[in-house]
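>>> Build the 3D model from these lines:
(one chain, ligands or ions: 1)
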Amino acid sequence: MGTVTDSPAVWASHLRKRYKRRTAVDGVSFTVGRGEVLGLLGPNGAGKTSVIKMMLGLVRPDAGEVMLLGRPHTDPRSRERVGYLPELFRYQPWLSADEVLRLHVRLAGVTIGDRDRRETLSLVGLADRAADRVGGFSKGMQQRLGLAVALVARPDLVVLDEPTSALDPLGRADVRDLLLSLKDRGVAVLLNSHLIGEVERVCDRVMILDHGRVAASGTLAELLGRRSLRLTLSEVGAEAAAVLSPFTAEDGVYTVAMPADVPTLVADLVGRGVRVHAVEPARMSLEERLLEVLREKS
Ligand SMILES: Nc1ncnc2c1ncn2[C@@H]1O[C@H](COP(=O)(O)OP(=O)(O)OP(=O)(O)O)[C@@H](O)[C@H]1O
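So this is what the prediction gives:
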């Protein structure tokens, strides 16, 4: 039997939830390892937020089990080391940013000093707004404060439901860096985001939900397949085509499995009279894969 610290950050098994006659989540199982970033993708209404809420004990599952950081999620201690940024939230508009953090630190029952609170606000780009009332914050600033609330108690697991929906491009890039630094510190992250590029850049693994079920899941390499090489060529004779085999070609762009040695392949082609206009690595994007998975299922 493993100890609490070597168990995964999240272990969820066969979660199920119905709202009246509508099945929102239908047998979803997954794990998030320590220090791993799991991305949750799927169309509107797929059940992503429902999974998160059940996981955190905010909605009671009809069936299924969850362990958070080695403890059943029904045990209040399981949530002590969990930071959560909800999808829709509003803080007390009369409080300052620092007071909101203070309140959440008190609710979490942990001791976090003034310096740590200041550092957390500066981490999310709100250092100079600590004393300002939240009621006067823009949507993006509220979202940054939400992130600070999720991070202030130094959690081992962070659950972020659409953390960047209101952020400008610079803010999104900041959050990406923040997620990567959490990962470096061994913090596990569950990220629900419609921003596929963001998920592709920071996540170790991705779970795609559709109609309440897991439509696909795996590492990016597993989901996106092997990398390939795209060559824009002309004057490709039969001999050169044999060197490229097997390939797919469209309008002079040849796609082959990534060779062990790209310069040798290019030299070989040139030696056979081929004109090489461009050579670039290629892989299906996560967006293409997501659409493919959702179309297969519908
Ligand atoms: N409190 C509720 N009462 C009734 N139905 C609900 C409730 N919460 C969620 N649902 C339904 O459950 C399904 C899944 O909703 P959920 O919010 O989990 O989806 P989502 O994948 O997070 O969607 P989005 O990307 O739009 O945020 C939807 O059909 C939704 O209408």
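
>>> Spell out which residues sit in contact with residue 167, please.
Residue 167 is in contact with 140, 143, 144, 174, 175, counting by Cβ atoms under 8 Å, 6 or more residues apart in numbering. C-beta: built from backbone N, CA, C; applies to glycine.

>>> Now with 6 Å, please.
Under the criterion of Cβ atoms under 6 Å, 6 or more residues apart in numbering, the neighbours of residue 167 are residue 140.

>>> would it count as being in a helix?
No. The assignment for residue 167, made by DSSP: H, G, I helix; E, B strand; the rest coil, is coil rather than a helix.

>>> separation between it and residue 147?
Summarising the geometry, the distance separating residue 167 from residue 147, computed by Cβ to Cβ, to the nearest Å, is 9 Å.

>>> go on, residue 181?
As defined by Cβ to Cβ, residue 181 lies at a distance of 12 Å from residue 147.

>>> higher neighbour count, the two?
For residue 181 against residue 147, the residue with the higher neighbour count under other Cβ atoms under 10 Å is residue 147, and the figures read 26 against 11.

>>> Is the more buried one in contact with residue 123, as I believe?
No. Counting by Cβ atoms under 6 Å, residue 147 stays clear of residue 123, with 8.2 Å between them.

>>> The closest residue to residue 23 other than its chain neighbours: neighbour count?
Leaving out its chain neighbours, the residue that sits closest to residue 23 by Cβ to Cβ, 6 or more residues apart in numbering is residue 212, at 5.4 Å. Residues contacting residue 212 under the criterion other Cβ under 10 Å number 23.

>>> likewise residue 83?
A count of neighbours around residue 83, defined by other Cβ under 10 Å, yields 24.

>>> Just the pLDDT for the residue lying closest to residue 135 once chain neighbours are set aside.
Spatial nearest neighbour of residue 135, chain neighbours left out: residue 93 (2.9 Å); criterion: Cβ to Cβ, 6+ apart. At residue 93 the predicted local distance difference test score is 90.

>>> And for residue 68?
Among the per-residue scores, residue 68 shows a pLDDT of 95.

>>> Quick check: bridge partners of it?
In this entry, residue 68 is beta-bridged to residue 10, residue 71, by DSSP bridges.

>>> same thing with residue 83?
Applying DSSP bridges to residue 83 gives these bridge partners: residue 158.

>>> ok, now which ones touch it?
In this structure, residue 83 makes contact with 150, 151, 155, 158, judged by Cβ under 6 Å, 6+ apart.

>>> Would you check how far apart it and the ligand are?
19 Å (Cβ to the nearest ligand atom, to the nearest Å).

>>> Please apply the same query to residue 52.
Using Cβ to the nearest ligand atom, residue 52 is found at 8 Å from the ligand.

>>> pLDDT below threshold where in the stretch 51-200 of the chain?
By pLDDT under 70, the stretch 51-200 of the chain has no low-scoring segment.

>>> Kind regards, and thank you for your time.
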